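Peer 1: Pasting the sequence and the predicted model now:
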Amino acid sequence: MTLHSTVAAFATRAGNLCVGGIPVDVLAERAGETPFFAYDRGLLTARIAKLREALPPEMDLGYAIKANPMPAVVHHLSGLVDHFDVASALELHAALNTTMPPSHVSFAGPGKALAELSQAVAAGVTIEIESGTEARRLFEIAERLGIRPQVAIRVNPDFEIKDSGMRMGGGPQQFGVDAEQVPALLKELADAEVDVLGFHVFAGSQNLRADLLAETQRKTVDLILQLAEGMPSPVRYLNLGGGFGIPYFEKDTPLDLAPIGVNLAELLRTKIRAGLSRARVVVELGRYIIGECGVYITRVVDRKISRGRIFLVVDGGLHHQAGASGNFGQVFRRNYPIVIGNRMNEKATETVTIVGKLCTPLDLLGDRVRLPRAEVGDLIAIFQAGAYGLTASPTAFLSHPKPAEVLL
């Protein structure tokens, strides 16, 4: 059996998958329960090093906390990245409880509550404005608190990024201010007591095509150069977004970082430094940083045969891993990489379907997966579980307890 590239990155010992150097059978005892999420600190650190090697050194690397807001993960990354992006008050607290300077934290997302905006202004983070209404709320907060907010405009570009798992720019969007509306908003901001730093453009996520990502970056820079003409002061902040994808499925080809780095270096040299010389330029990533560093571990509690089909029933399910169940962005459901964590040295001998304990046919974690024979008590490991796992799943569904999370 050929291992998925992500599976191969994890060590094995005596037939056991290891996370953070700890065999999964021991790790289950350490976690105190199954199911649980385990994140590998060494792989996470290596991921940042890989990005640093590929990206231009003068470009800041940002982490989108929404991908995985576990406090231990955020604390670890605060010493490795240059910027945090948050999308809620709780994520803001997580960022501010680290050594990351507030000036290197941005707050994006539509529909920010008045209390959230007040917290962000008081903290001194950069608020990425998503609408004219949000801008005017900031004017009121600035007057009430006597603090001049730092703001940037999140721009909904007039182009789309092809082959993205989730499109978040181009056409009508709840995200950002339409590019053609930005000049008018900039005029309004120029007359207000706010410090306009620059722009954020995020066109889409989960893209495995380096050529398309590079094309999007070029279009993004051209758009910002055009919009910058209406700025009341020089651009000091430019968030180019991210969208870097990871290979979830068998036929996915991992993203090639090299041409992306070359393209960004060229953009810095020929356009950004020429027209936006004072800008701090950020590439903001979430899934690409943490996604392949996490594993979801769940225990087999029943093995049954129904009309010739083998079902392994586990103690976890879609309420923890909506993505693996196919209920978070998949049009056609496909399996994430799956192994039996305590039988890594055994050959695949049977085809099984792995289901959770919820009373719904949607609770499907692996459909017709080729694996070694599994028994009750064995540990199923589902990979690509570092991003959009626990906090992107319906944890309250059927009122089962939340799983543990460990960083090792």
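Peer 2: On my side now, so go ahead.

Peer 1: CA only for contacts and neighbour counts going forward, please
Peer 2: Noted.

Peer 1: Now for residue 103, how many residues are close by?
Peer 2: Per other CA atoms under 10 Å, the neighbour tally for residue 103 reads 13.

Peer 1: Please read the previous query as pertaining to residue 92.
Peer 2: 24.

Peer 1: now do residue 67
Peer 2: Per other CA under 10 Å, the neighbour tally for residue 67 reads 22.

Peer 1: can you check the one 5 residues further on too?
Peer 2: Counted with other CA under 10 Å, the burial measure for residue 72 works out to 17 neighbours.

Peer 1: wouldn't residue 179 be in contact with residue 155 here?
Peer 2: Yes - the criterion here is CA atoms under 8 Å, and residue 179 meets it with residue 155 at 5.7 Å.

Peer 1: Of these two, which one has the most company?
Peer 2: Set residue 179 next to residue 155 and count neighbours by other CA under 10 Å: residue 155 wins out with 29 against 19.

Peer 1: Now that one: which helix or strand?
Peer 2: According to DSSP states H and E, residue 155 maps onto strand 150-156.

Peer 1: What segments of this protein are helices?
Peer 2: Taking DSSP state H as the criterion, the chain contains helices spanning 5-8, 24-31, 41-54, 71-78, 89-96, 114-123, 132-145, 182-190, 210-227, 257-267, 273-275, 287-290, 322-325.

Peer 1: highest average neighbour count across the ones you listed?
Peer 2: Neighbour counts (mean count of other CA atoms under 10 Å) averaged over each of these peak at helix 287-290, with a mean of 27.

Peer 1: Can you tell me what sits against it?
Peer 2: With contacts defined as CA atoms under 8 Å, 6 or more residues apart in numbering, helix 287-290 is touched by 44, 47-48, 63, 67-68, 206, 244-246, 386-388.

Peer 1: Next, format these as TSV and append distance to residue 254 and pLDDT.
Peer 2: Formatted as TSV, the contacts of helix 287-290 follow (distance: CA to CA, whole Å; pLDDT from 0 to 100):
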residue	distance to residue 254	pLDDT
44	17	98
47	13	98
48	16	98
63	20	98
67	19	97
68	21	98
206	11	89
244	10	95
245	8	94
246	6	95
386	16	97
387	16	96
388	19	95
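
Peer 1: residues in contact with residue 199?
Peer 2: Applying CA under 8 Å, 6+ apart, one finds that residue 199 lies in contact with 128, 152-155, 224, 235, 237-239.

Peer 1: ok, now how distant is it from residue 59?
Peer 2: To residue 59, residue 199 is 15 Å away according to CA to CA, to the nearest Å.

Peer 1: neighbouring contacts of the top strand by length along the chain?
Peer 2: Under DSSP state E, the strand in the chain containing the largest number of residues is strand 294-306. With contacts defined as CA under 8 Å, 6+ apart, strand 294-306 is touched by 34-40, 310-316, 321, 374-387.

Peer 1: List the buried residues of the strand holding residue 155.
Peer 2: Across strand 150-156, burial judged by 16 or more other CA atoms under 10 Å covers 150-156.

Peer 1: Please work out the angle formed by the directions of it and helix 182-190.
Peer 2: Here strand 150-156 points in a direction 170 degrees away from that of helix 182-190 (axes from the mean of the first three to the mean of the last three CA atoms, to 10 degrees).

Peer 1: got any ranges where the protein has weak pLDDT?
Peer 2: Flagging of the chain using pLDDT under 70 yields the residue ranges 1-3, 161-172, 329-332.

Peer 1: cutoff 50 now
Peer 2: Applying pLDDT under 50 to the chain flags the ranges 1, 164-165.
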